[in-house]
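**Q** Give the three-dimensional model of this entry:
(one chain, ligands or ions: 1)
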Amino acid sequence: MAKISWKPGTMLFPLPPVMVTCGTMEKPNVLTIAWTGIVNSEPPLTYISVRPSRHSYNIIKEAKEFVINISTLELAKACDYCGVKSGKNTDKFKDMNLEIEPCEKVKAPMLKKAPLSLECKVKEITHFETHDMFLAEIVNVNVDDRFLEEDGRLALEKAGLLAFVHGRYYTLGRDLGAFGFSVDKTKENKTKPRKSKFWDIVKMENKIKDGTLKIKQRKKHHPSLDKSLSTKKTKPKFSKKFNKATKK
Ligand SMILES: Cc1cc2nc3c(=O)[nH]c(=O)nc-3n(C[C@H](O)[C@H](O)[C@H](O)COP(=O)(O)O)c2cc1C
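**A** The predicted structure is shown next:
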């Protein structure tokens, strides 16, 4: 076994494929951004790196505001769509049935279905060769109450969060323990992995796959695709077993 040296590249994975909304409630736009992260805690600072050719670029540059919406399995198709289509040519909200609502501290809207929406105000723009980095302060955080537990905990593990890895999307699955679990053996309860939402996620994945009308239509013209794209295949293999197990 040996490590092979590759040419320098942007090979940092996983990344969060977030949906960044900008503009106003009346004239909004949304694009997918994977080049984002946190750079400071007090004040909370984040960044997004945007190519100047994006339609959103000037909107964000002029308004100096944007909203980072965390993507989920429910939003996966829209997340990809907003990363391949430009607001210059189409209304992505209409196309993907994306509902928006007003934010508190910025004029840009947030996505209704996102479990977390971070309102951001741009502090600095740094120019690089291909992208410009918008450094911004997170001025308000919006949390979807669908994911709030009775004790106030934000159960993001129920949201089917997305990760972007080397050109593909994944959902986050298993909980391995809380922060510090490697050293703190006394906090048994806190470090105990939470119940996996794996099967909920599989069910949602199947719904997304079954809803792909275009694939079913394509089958007519390409009988060979029939087998490989059969919707039967997308059903969870162990559903019966799993149902039995959960009924106990
Ligand atoms: C998963 C994914 C991640 C992306 N990340 C970025 C990014 O970090 N920066 C960027 O400028 N474009 C990124 N893009 C491309 C833009 O989202 C895409 O060009 C989009 O169509 C721009 O929309 P707009 O023209 O309406 O602003 C990404 C696309 C995808 C699918």
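**Q** Please count neighbours and contacts with C-alpha atoms only from this point.
**A** Will do.
**Q** For this structure, just list every one of the helices.
**A** With helices called from DSSP state H, the chain shows them at 55-63, 76-81, 92-95, 188-191, 198-210, 213-221, 223-228, 239-247.
**Q** Go through the second one and flag the buried ones.
**A** Residues of helix 76-81 classed as buried: 76, 78-81 (neighbour count, 16 or more other Cα atoms under 10 Å).
**Q** from those, which is closest to the ligand?
**A** Compare each of the buried residues of helix 76-81 with the ligand using Cα to the nearest ligand atom and the shortest gap goes to residue 80, at 4.8 Å.
**Q** bridging residues for the closest residue in space to residue 63 that isn't next to it in sequence?
**A** Once flanking residues are discounted, residue 63 sits nearest to residue 23: 7.2 Å by Cα to Cα, 6 or more residues apart in numbering. Residues found in beta-bridge contact with residue 23 (criterion: DSSP bridges) are residue 28.
**Q** Tell me who's in contact with residue 23.
**A** Taking Cα atoms under 8 Å, 6 or more residues apart in numbering, we find residue 23 in contact with 29, 59-60, 63, 66, 107-109.
**Q** Kindly state the pLDDT recorded for it?
**A** On pLDDT, residue 23 comes in at 98.
**Q** what's the answer for residue 11, then?
**A** As summarised for this prediction, residue 11 has a pLDDT of 97.
**Q** Kindly report the same for the one 3 residues further on.
**A** Residue 14 carries a pLDDT score of 97 in this model.
**Q** can you check residue 179 too?
**A** The predicted local distance difference test score for residue 179 is 81.
**Q** Kindly report the same for residue 80.
**A** Confidence at residue 80, expressed as pLDDT, is 98.
**Q** Also residue 196?
**A** Residue-level confidence at residue 196 comes out at 53, pLDDT.
**Q** Show me the beta-bridge partners of the residue nearest to residue 47 when sequence neighbours are not counted.
**A** Using Cα to Cα, 6+ apart and skipping residues adjacent in sequence, the residue nearest residue 47 is residue 135, 4.4 Å away. On DSSP bridges, the residues paired with residue 135 through beta bridges are residue 47, residue 124.
**Q** so residue 135 touches residue 66, yeah?
**A** No: between residue 135 and residue 66 there is no contact, the gap being 10.9 Å when judged by Cα atoms under 8 Å.
**Q** Looking at those two now, which is surrounded by more residues?
**A** residue 66 (31 against 22; other Cα atoms under 10 Å).
**Q** what's the spacing between the residue nearest to the more buried one when sequence neighbours are not counted and the ligand?
**A** The shortest distance from residue 66 to any non-neighbouring residue, by Cα to Cα, 6+ apart, is to residue 22 (4.8 Å). As defined by Cα to the nearest ligand atom, to the nearest Å, residue 22 lies at a distance of 9 Å from the ligand.
**Q** and this protein, which residues reach the ligand?
**A** In this structure, the chain approaches the ligand at residues 17, 30-35, 49-51, 54-56, 80, 82-88, judged by Cα under 6 Å from any ligand atom.
**Q** Now the buried members of those.
**A** Buried by 16+ other Cα under 10 Å: 17, 30-35, 49-50, 55-56, 80, 82-83, 86-87, out of those.
**Q** right, and out of these, which lies closest to residue 206?
**A** Closest to residue 206 out of those is residue 80 (17.2 Å), distances taken as Cα to Cα.
**Q** got the buried residues for stretch 141-152?
**A** Applying a neighbour-count criterion of 16+ other Cα under 10 Å, one finds residue 147 buried in stretch 141-152.
**Q** which residues does the residue positioned nearest the centre of the chain contact?
**A** For the chain, residue 71 is the residue whose C-alpha lies nearest the centre (Cα atoms, centre = their mean; 2.2 Å). With Cα under 8 Å, 6+ apart as the criterion, the residues that contact residue 71 are 16-19, 79, 114-115, 161-162.
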